[in-house]
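Trainee: The following block contains a protein sequence and its predicted model.
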Amino acid sequence: MVTLKRRDKVLTVPAGKSLERILREAGILPDTVLVVRDGRIVPLDYRPQDGEEFELIDVISGG
Amino acid sequence: MRCSFCANEAVLRLRHANLRLCPEHLVARVEREAEKAIREFRMFAPEERVLVAVSGGKDSLGLWAILTRLGYQADGLYIDLGITEYSRRSREHCEAFAQEHGLVLHVVELRKELGAGLDEIAEALRGEPCAHCGAIKRYLMNRAAWEGGYAALATGHNLDDEAATLLGNTLRWDLEYLARQYPVLPEGPKLARKVKPLVFLSEREMVAYCLLRGIRYIYEECPHSVGARSLFLKDILNRLEDAAPSTKITFLKSFLRVHGKLPKPTETELRECPSCGMPTGAEGPCRFCRIKERMAQRAPA
């Protein structure tokens, strides 16, 4: 399984799909987040392996 | 995915610009786009001093970093609104950034200015915090720029902010607001020139820029922004952008092309506030001084 952490929420999904597809299937528009691992940006065409963990950083701010 | 400019692996795809960028070329693009906007709209010249309004967020701290990297003389201004934990943390980010880069940061505290933080002010005046926040910040930013002799006051408004504002103004066909929406607003008597160098850079690019440059910013939102209309408008635009990339940049750039054809905004006759001497369109004291008077009249706790 692949783990994606977004603020205080955790999303766990099966491996084998690109990050873009994972985000879309979770109802997240890919351009509204950056996927980060160990402080580095991970491109959305990357296909995570089982056991990998990522952080989703929201890019939208303001009020 | 290869970078559009070199053989390195790209980390970000910008569909609206038809680019795939490696870290190095992403940083270069962000700085180049800001520089282009500064020159295109004649925001300020290299010999002029600029005051950057910093909130501790990605856009304003990113902007300060960009201006410094481009060689501009940019000092920072942080307005401590006294919103408890949120203000404490955002201030820490600004102070840490200034210290790390050896930059000058001016701090103005609302508690020293008005004797209370924003929440107490809003409660005392029976209004929404955001309604007072904008007016208070505009006054303090302008006063700081004037007193410090800065040629321009720069804010971190980005493409997403500007497109959302434009959508909101267009939905109401608010010609006054539309006429006032522009990347540079000229100076006036005791009024600093207002500039937005990030006008063509997306929020996503700014987050990536901060990550790549190691700029630590406050990730959490102002507690008062929950449910804000601008976030709703940004969400609509992001859905459009996803279906039709470059919707936002085309919307904004097309607007700027016809901006000159809009009726000129009504000119407000400005007088000097009898209390503080800063310009105001009001008869008698300016809004800031009126808030100050009302806060001073409160019974001591």
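Mentor: Received, thanks. Numbers count the residues shown, from 1 in each chain, chains lettered A, B, ... in the order given.
Trainee: Now do the SS call for residue B:245.
Mentor: coil (DSSP: H, G, I helix; E, B strand; the rest coil).
Trainee: which residues are in contact with stretch B:215-224?
Mentor: Residues from elsewhere that reach stretch B:215-224, judged by C-beta atoms under 8 Å, 6 or more residues apart in numbering or on different chains: A:57-58, A:61-63, B:55-58, B:61-62, B:65, B:83, B:86, B:89-90, B:93, B:96-97, B:128-130, B:133, B:209-210. Every C-beta, even on glycine, is put in place using the N, C-alpha and C of the backbone.
Trainee: how far is it from where the chain is centred?
Mentor: Relative to its parent chain, stretch B:215-224 has a centroid offset of 14 Å by C-alpha atoms, centre = their mean, to the nearest Å.
Trainee: which among the contacts of stretch B:215-224 end up buried?
Mentor: Buried members of the contacts of stretch B:215-224, counted by 16 or more other C-beta atoms under 10 Å in any protein chain shown: A:57, A:61-62, B:55-58, B:61-62, B:65, B:83, B:86, B:90, B:93, B:97, B:129, B:133, B:209-210.
Trainee: hang on, the earlier thing: now, which of the contacts of stretch B:215-224 lie within helices?
Mentor: The helices, defined by DSSP state H, take in B:58, B:61-62, B:65, B:86, B:89-90, B:93, B:96-97, B:129-130, B:133, B:209-210 from these.
Trainee: out of the residues you listed, which touch chain A?
Mentor: The subset of these within reach of chain A, by C-beta under 8 Å from any C-beta of the partner chain, is B:58, B:130.
Trainee: Give me the neighbour count for residue B:252.
Mentor: Using other C-beta atoms under 10 Å in any protein chain shown, residue B:252 has 21 other residues around it.
Trainee: What does it show for phi and psi?
Mentor: Residue B:252 adopts backbone torsions of phi -70, psi -50, taken as degrees, to the nearest 10.
Trainee: Tell me the confidence at it?
Mentor: Per-residue confidence at residue B:252 stands at 98 (pLDDT).
Trainee: How about residue B:151: what's its closest non-neighbour residue?
Mentor: Sequence neighbours aside, residue B:48 is the residue nearest to residue B:151 in space, at 3.6 Å (criterion: C-beta to C-beta, 6 or more residues apart in numbering or on different chains).
Trainee: Over to residue B:253?
Mentor: Spatial nearest neighbour of residue B:253, excluding adjacent residues (C-beta to C-beta, 6+ apart): residue B:200 at 7.8 Å.
Trainee: how deep is the one you found tucked in, by neighbour count?
Mentor: Residues lying near residue B:200 (other C-beta under 10 Å) number 22.
Trainee: what's near enough to touch it?
Mentor: The neighbourhood of residue B:200, defined by C-beta under 8 Å, 6+ apart, consists of B:33, B:36, B:37, B:159, B:249, B:252, B:253.
Trainee: Recalculate using a threshold of 10 Å.
Mentor: Going by C-beta atoms under 10 Å, 6 or more residues apart in numbering or on different chains, residue B:200 touches B:17, B:33-34, B:36-37, B:40, B:158-159, B:162, B:183, B:248-249, B:252-253, B:256.
Trainee: Just the ones of those in helices?
Mentor: B:33, B:34, B:36, B:37, B:40, B:159, B:162, B:248, B:249, B:252, B:253, B:256.
Trainee: Emit the ChimeraX select command for whichever of these are buried.
Mentor: Per 16+ other C-beta under 10 Å, the buried members of the ones in helices among the contacts of residue B:200 correspond to this ChimeraX selection:
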select /B:33,34,37,159,162,248,249,252,256
